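1. Okay, predicted coordinates and the sequence, questions at the end:
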Amino acid sequence: MERKEEILYKVHNGLYVNLTNKCPCACTFCLRQTMDRVGESDSLWLDHEPSFEEVVDAFKKKDMSEFKEVVFCGFGEPTEALDTLLKVAEFIKKEYDLPIRINTNGLGNLVNGRNICPDFKGLIDSISISLNTPDSKKYYEIVRPKFGPDSFQAMLDFAKEAAKYVPSVTFTTVATTISHEDEEKCQKICDDLGVKYRIRPWED
C-alpha cells in the first residue's frame, strides 16, 4: 500500500508541521535512517517543500480544538524553510492563537546566512535545540554538520540570541546517551547562556 506524505501530523497533544526534508546535519543517530514516520504520521518524506498555501490548506482540514500547541518539526531542519515557517506561524497566531514551538538543530543562522532570531519575536513561544553533547569535538563527530567544526559555537550563539526574542529557549539531550557528568556540563552551558536544560526520553 502506497504511503501518503504528510505536512501535518499529531504527536501527543501537539500538531507537528513538516515543512522540509533539507538538513545541514547528518546525525549518526537520526531517526530518518531507520524509519519514515513519527507519531501519528504515515510518511514524512516529501516530494516537494509545501508552499504557504498548501500548509494553510492542511491546517483548515484539521480540528484544531484537539491540539495544545503547534510544533515545527519534521524530517528536516525547519529553518531551512524559514520564509514559509514565519508566514505559517503568523497565520497560526491569527487564526488559532496556539503556542508555537520550533524543534531545531540550532544552525538556522548558518543555514540562512544571517541572524534570524529577531524574526521570531511575537510569533514563536518556545524553541527546543538539540545540544546532544557538551563537547564540541564529540558534537562534530556525531552530528556531522556541513558547516564544519565551528557549528557547535554557532549553535550556542544561536541559543543565546534566540533567548532575547523567544520566551522559552531549551537545550535538550537524550537520556542514557551521555554520562551524568556530561549532563552536568550541559546544565552549566545552559546556565551560562541563560536558557533551560531538559533531558528528554529517547522515545519522546
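-> Alright, I've got the coordinates.
2. Quick one: the helices in the protein, in order.
-> According to DSSP state H, the chain carries its helices in the segments 52-60, 82-95, 108-112, 136-143, 151-162, 180-193.
3. Give me the average confidence score over stretch 109-116.
-> Average pLDDT, stretch 109-116: 98.
4. And the contacts of it?
-> With contacts defined as Cβ atoms under 8 Å, 6 or more residues apart in numbering, stretch 109-116 is touched by 24, 77, 79-80, 82, 108, 117, 147, 151, 154, 157-158, 161. For the C-beta atoms, the positions are set from N, CA and C on the backbone; glycine is no exception.
5. Please convert the helices of the chain to CSV, extending it with mean neighbour count.
-> CSV is the format used below for these (neighbours: other Cβ atoms under 10 Å):
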stretch, mean neighbour count
helix 52-60, 15
helix 82-95, 17
helix 108-112, 21
helix 136-143, 16
helix 151-162, 21
helix 180-193, 14
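6. now those helices as JSON lines including distance to V70?
-> Shown next, in JSON lines, are these (distance: least, Cβ to Cβ, whole Å):
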{"stretch": "helix 52-60", "distance to V70": "9"}
{"stretch": "helix 82-95", "distance to V70": "5"}
{"stretch": "helix 108-112", "distance to V70": "18"}
{"stretch": "helix 136-143", "distance to V70": "26"}
{"stretch": "helix 151-162", "distance to V70": "18"}
{"stretch": "helix 180-193", "distance to V70": "25"}
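7. T28: which of those is closest?
-> Closest approach to T28 among those is made by helix 136-143 (5.0 Å; Cβ to Cβ).
8. That closest one vs helix 180-193, what angle?
-> Angle of helix 136-143 versus helix 180-193, following axes from the mean of the first three to the mean of the last three Cα atoms, to 10 degrees, is 110 degrees.
9. what does helix 136-143 rub up against?
-> Under the criterion Cβ under 8 Å, 6+ apart, residues 25-29, 105, 132-133, 148-149, 151-153, 155 lie in contact with helix 136-143.
10. For A26, give its distance to P78.
-> 17 Å (Cβ to Cβ, to the nearest Å).
11. more neighbours, the two?
-> Neighbour comparison, A26 and P78: the larger count goes to P78, with 26 against 13 (by other Cβ atoms under 10 Å).
12. Any idea which helix or strand in this structure has the lowest mean pLDDT?
-> Every helix and strand in the chain was compared by mean pLDDT, DSSP states H and E; the lowest is strand 8-11, with a mean of 92.
13. if we can go back for a sec, let's have the contacts of stretch 109-116 in CSV, adding distance to K61.
-> Formatted as CSV, those follow (distance: Cβ to Cβ, whole Å):
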residue, distance to K61
P24, 31
E77, 25
T79, 25
E80, 24
L82, 24
G108, 28
C117, 32
F147, 37
S151, 37
A154, 37
D157, 39
F158, 33
E161, 36
